[in-house]
Each structure stands twice: as structure tokens, then as C-alpha cells.
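Visitor: Kindly return the folded structure for what I paste below:
(one chain, ligands or ions: 1)
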Amino acid sequence: MKEKQQEDPILVTRSSLPPFEEFVETIRPIWESHWLTNMGAYHQELEARLKEYLGTENLVLFVNGHMALEMVIQAMELTGEVITTPFTFASTTHAIVRNGLTPVFCDVNPDDYTMDADKIESLITERTSAILPVHVYGNVCDVDKIAAIAKKHNLKVIYDAAHTFGETYHGQGIATFGDASIFSFHATKVFNTIEGGAVAFGEQWMEHRLNCLKNFGIVDQDHVVWVGGNAKMNEFQAAMGLCNLNHIEEEIAKRKRVTQRYLENLDGMKGVKLPTIKEGLSSNYAYFPVIFDGCSLTRAQVYEKLTGENIFPRKYFYPLTNDFDCYKGHFDAGSTPIAKYLADRVMTLPLYADLELEAVDRICRLIREET
Ligand code: T4K
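Guide: Coordinates of the predicted model:
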């Protein structure tokens, strides 16, 4: 058995699943009711439980995090330009562009890789309607400074909070900052509903609009009021969410243990910048990004070494979104030099709840060895 485990590849993450019997019991009523989707009983129950868990009064579920983001942008009727970060997953920038808006890229800060709030104001024009920062890797943005800038210039703030499920900042639920926050409940996330997502928001009127938008803009059988799409979470997804939510504290505690082991092993290593947690943030330990700069091995060499041992880290988030092929000629990654520096050197190491501590030790040994 031990040998078999050693042969298994170690991927950057691995979905956490509830006990099989728990899931089977939970989905039994779906067979009995024949109600599979379109805002069924589990959909309602998960929405209620997530509001409580995330400490938000308003929350609407979606089929995934990306559609949550596309549709909250549509619901807010944003126009013109949106200030955002290129150091993120494709979804953030694509959601802006797919709404017919222009992303304007703000550089990130070199400490926690979130948007550099001191650089936002110089990017504001009369066409700017919103700021869309990302709490990247679960690192909380400079929410106070961003709120002050938004107020001064009358801009909306939507946080891409895909990585921050369950976090609090100075005791306040992360879902409550800005006008809205989107979450991803993808299989690779701290909390998963297989695929899934949600928008949490401050103003109650948005609930009706988001619920209509995710269901083709239908208000009732006689009225279709918005040009919506189909972005509803189904009952099997919601059932998985209800089960996983029962185990979320254990999930985060296990991730913390893995993270601490990485930190113990790699602490003090030359040329390696390790993640830190901002004062006041209760982390969910979503990712373990390492910046390789000035270490005896380059990122490419470390990557090659690990993959040679059946270990598969990832370069989240390389390439920058303003460097994507599909945006060639539109944006310039040179305008965000710190983000570019990070994207060229970052590697996210394997991190998931059941990753064995011995595996962490092995990964760290390989990184520390000079050849
Ligand atoms: N905003 C931000 C900042 C995001 O990071 C994301 C998603 C979004 C918005 C959009 O949210 P969603 O619409 O996805 O809900 C993965 C995820 O698919 C994506 O959700 C996530 N960010 C992104 C950072 O990572 P890939 O292309 O790297 O996935 P993939 O298929 O290479 O999987 C990565 C690893 O995860 C695999 O090596 C093994 C593990 N895995 C994967 C799957 C699919 C599992 O253990 N189980 C699985 O079912 O994007």
C-alpha cells in the first residue's frame, strides 16, 4: 500500500469529498422528489446555510464562480472601464471583457500580490465605473483604502473572492466588503460544490435581479425582463455543498497543518519568498505560492525536478491575463511590472487537506537540494 501511494502523482490540489454514505443519504430525497434543478429545496437550504456561515445577509448561488462574476457585473449595469488586476485566473478579466467592458490593469503590491491601492487613482478616468480587485490566494486586499477611493470617485467595488471562502478580516466576514463579492465553489477550492459559486452583496434589490439573470431573465411565466443566461446551481451540486459544509472546519484545520509544515521546512531558505498572513486575517490556507528569486535553482529547474518525481505544482498565475494570446495587441503586461515579475517566478506548491506531511517534507527536500 505504501509503495502504491508513492507511485501516485501528487497534484497541485485534490478535491475534498464528504464520506460517501453521507452524500448518498443526502441525495436520496432527490430521487424521491424528482426535482433536479431550478432552485430546488437543497438550493434554498444551501443558500441559507452559506449566508449564516459567511456572515452575509444577501447571497445568490450560481452554477460556478465565473458566471457569478459575469452576472453581478451585468446586474450592476457597469459601463466603460473597470480597474482590475492581471495577476489572477482567466475568469476575472474574461468576465469584464465578456460584458463589453474594458479592463484597465493596476499593478499589484510585492508583499501579498493584491492590487496596489496606491496606484488605483492614477488609472481613474471619466469612463471608469468600477474597481474589481482579487483577494488572490486568499490574501485580503487593502479593503479600507479601496473603499475610500470608491467613495470619493463614486465607483462600484466588486471583489473576486474566489479564493477566500470562510475567511474573516478583523472579525468581519470577507463576503461583506465592497458592493459585492463572488466566490468559487469549484472542485479545486477549500469548499466545493463540484462546480459552483455565489455572489454576496450589500443591497437587497440585487437579489431579485441576480436570480432572474441566472434563469434567462425570466421574472414569471408572462414576463422576461432581462437578457439573462442559464447559470443555476443544480440539486446535486447543492447536496455536495451541504455535506462539505459539515466538514469545513476540519478541512481548514488540515490545510493549516500542511501550510505550517511547508513554512517550517522552507523557512530561512535563500532566494525563496514564502506566503505570509496579514494581521487580522483568519486564513483558509487556500494556496501555497512561493516566489523563486535568487535561489540556487530557478523556478523552471525546481519545476522540472518536482515533475521528474511525479509531483506537479502549478504556475498560478502565469501568464498574466494582460499577456494572454487572446488579448494580444490590446493590453501591455509591461504596464504592470510587479505582476510580471511575480508571474515569471511564482510556483504554487501542492496543498490539500489530506496531503501527507511526509510528502510535504519530500517536496521541500527536493526544493532545498541544490542539484
Ligand atoms: N476567479 C478566480 C480568482 C479564480 O481562481 C477562479 C477559478 C474563478 C474566478 C472562477 O471560478 P469557477 O468558475 O472555476 O468556479 C482551476 C479551477 O478550475 C478554477 O476553478 C480555479 N480558479 C483555478 C485557479 O484552478 P485549472 O485549469 O488549473 O484546473 P485543472 O483542471 O488543471 O485542475 C487543477 C488540479 O486540481 C488538478 O491537477 C487536480 C485537481 N483536481 C481537479 C479537478 C477538475 C481535482 O482534484 N479534482 C477535480 O475534479 O483551473
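Visitor: ok, for whatever residue of the stretch 201-350 of the chain ends up closest to the ligand, nearest residue in space, not its chain neighbours?
Guide: Nearest to the ligand, among the residues of the stretch 201-350 of the chain, is Tyr316, at 5.5 Å (CB to the nearest ligand atom). Glycine gets a C-beta too; all of them are placed from N, C-alpha and C. What sits nearest to Tyr316 in space, not counting adjacent residues and going by CB to CB, 6 or more residues apart in numbering, is Thr348, at 4.6 Å.
Visitor: repeat for Thr26
Guide: Per CB to CB, 6+ apart, closest to Thr26 is Ala239, 4.6 Å.
Visitor: thinking again about what came up before, residues in a beta bridge with the residue nearest to Tyr316, which ones?
Guide: Per DSSP bridges, the residues bridged to Thr348 are Pro289, Arg314.
Visitor: For it, grab the count of nearby residues.
Guide: Neighbour count of Thr348, defined by other CB atoms under 10 Å: 19.
Visitor: I'd say it and Tyr113 touch.
Guide: No - at 11.4 Å, Thr348 and Tyr113 do not qualify as touching, with contact defined as CB atoms under 8 Å.
Visitor: which neighbours do the two share?
Guide: Residues touching both Thr348 and Tyr113 by CB atoms under 8 Å, 6 or more residues apart in numbering: Tyr137, Pro289.
Visitor: By proximity to the ligand, which residue of the stretch 1-150 of the chain wins?
Guide: For the stretch 1-150 of the chain, CB to the nearest ligand atom, closest residue to the ligand: Gly65, 2.7 Å.
Visitor: In contact with the closest residue to that residue other than its chain neighbours, which residues?
Guide: Excluding its sequence neighbours, the residue lying closest to Gly65 (CB to CB, 6+ apart) is Ser184, at 2.9 Å. Ser184 makes contacts with Asn64, Gly65, His66, Ala68, Ala162, His163, Gly196, Gly197, as judged by CB under 8 Å, 6+ apart.
Visitor: okay, which residue is most central for the chain?
Guide: Note on the chain: the residue nearest the mean C-alpha position is Ala162, at 2.3 Å, using CA atoms, centre = their mean.
Visitor: Quick check: pLDDT value at Glu370.
Guide: Looking at Glu370, its pLDDT is 71.
Visitor: Let me know whether it touches Ser296 as I believe.
Guide: Yes - in this structure Glu370 lies within contact range of Ser296 using CB under 8 Å: 4.9 Å.
Visitor: In terms of packing, which of the two has more residues around it?
Guide: Ser296 (14 against 6).
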